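*Asks:* pasting the sequence and the predicted model now:
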Amino acid sequence: MPVKEAVFTPNSPPPLPFFSQAIKSNGMVYCSGQVGVDPKTGEMVEGSIQDRTRQILKNMSAVLEAAGSSIDNVVKVNIFITAMDNFGAVNEVYKEFFSVDPKPCRTCVAVYQLPRGTDVEIECTAAL
């Protein structure tokens, strides 16, 4: 069995050519950071940070399912936002997806800027 295996699903935006949507290795799934892109259009979701957060978590769920896991198996989440004022708004959507106990460990940091000019990016690690 290979040490690592790339994961791909058309139900999430395709990765740039220098990284994978996710990698499976040693019983874990490591998902790359996602921004709020609609996989059908390839465009950033318009609206609020909550709309983009919801799209990210839908995309991430699709990647996890393609890997043979699920959002309920996530053990660690890293969230990057461009303004800490959006912390509460992101949390409102986050709790829609992460409702099963125990909740994942999590980090949320404010950063100067993110790809495609967005205001939120999320990555995660899950058990298979």
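*Replies:* Sure, I can see it.
*Asks:* after the longest helix along the chain, next one along is what?
*Replies:* In the chain, taking DSSP state H as the definition, the longest helix is helix 49-67. Moving toward the C-terminus from helix 49-67, the next helix or strand (DSSP states H and E) is strand 74-81.
*Asks:* angle of that next one against helix 49-67?
*Replies:* Angle between the axes of strand 74-81 and helix 49-67 is 150 degrees (criterion: axes from the mean of the first three to the mean of the last three CA atoms, to 10 degrees).
*Asks:* wasn't Val100 part of a helix?
*Replies:* No. Applying DSSP: H, G, I helix; E, B strand; the rest coil, one finds Val100 to be coil, outside a helix.
*Asks:* quick one: Thr53 from Ser61, how far?
*Replies:* Distance, Thr53 to Ser61, using CB to CB, to the nearest Å: 13 Å. Yep, even glycine has a C-beta here, placed from its N, CA and C like the rest.
*Asks:* then Gln34?
*Replies:* If you go by CB to CB, the gap between Gln34 and Ser61 works out to 10 Å.
*Asks:* tell me which of the two has more neighbours.
*Replies:* With other CB atoms under 10 Å as the criterion, Gln34 and Ser61 differ in neighbour count, and Gln34 comes out ahead with 27 against 19.
*Asks:* look up phi and psi at the more buried one.
*Replies:* Backbone geometry at Gln34, expressed as degrees, to the nearest 10, gives phi -120, psi 140.
*Asks:* equivalent analysis for Ala6, please.
*Replies:* Torsion angles, degrees, to the nearest 10, at Ala6: phi -70, psi 150.
*Asks:* name all residues that make contact with it.
*Replies:* The contact partners of Ala6, by CB atoms under 8 Å, 6 or more residues apart in numbering, come to Ser20, Gln21, Ala22, Ile23.
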